[in-house]
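Chemist: Can you look at this prediction? I've put the sequence above it.
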Amino acid sequence: QVQFVESGGGLVQPGGSLRLSCAASGFTFSNYYMNWYRQAPGKDRERVARISTSGAITNYADSVKGRFTISRDNAKNTVYLQMNSLKLEDTGVYYCNAASWVGVYWGQGTQVTVSS
């Protein structure tokens, strides 16, 4: 049974930082690209970061480049998203996602609210 435990969301002021974690189980984590998506109120879900199976390759949405860093620990079956210099427009529900040719799995989401 595939399970994700997401944590690290919360309320933060503009310019602040948060670190999201997503611990996965029930599949071979190291065989999957891992992604972080977010969905802001009234908007479509968008991918903000992606990391390859080994962690050697990362990609970011233009809106978060230079501020967010995705990483993974295959020994702990966990993917992280370090978010710095947060802006009001970073507010939303953040989802971790595992993708391979076998299938796609989604976490339950964690709320990030950037507000003064």
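Modeler: All right, it came through fine. These numbers were taken from a predicted model, which means no experiment stands behind them.

Chemist: Next, the most centrally placed residue in the chain: secondary structure please.
Modeler: In the chain, the residue lying closest to the centroid (CA atoms, centre = their mean) is Trp36, at 2.9 Å. Local secondary structure at Trp36 is given as strand here, using DSSP: H, G, I helix; E, B strand; the rest coil.

Chemist: Past the strand or helix carrying Ala98, which element shows up next along the chain?
Modeler: Per DSSP states H and E: Ala98 is located in strand 92-99. Moving toward the C-terminus from strand 92-99, the next helix or strand (DSSP H and E) is strand 104-106.

Chemist: Counting neighbours, which bits of the very next helix or strand once past that following strand end up buried?
Modeler: Counting by DSSP H and E, the next helix or strand C-terminal to strand 104-106 is strand 110-114. Taking 16 or more other CB atoms under 10 Å as the neighbour-count basis, strand 110-114 is seen to contain the buried residues 110, 112, 114. To be clear about C-beta, it is placed using only N, CA and C from the backbone, and glycine gets the same treatment.

Chemist: Report the spatially closest residue to the second one, excluding sequence-adjacent ones.
Modeler: Of all residues not flanking Val112 in the chain, Gly9 sits nearest, at 4.9 Å (CB to CB, 6 or more residues apart in numbering).
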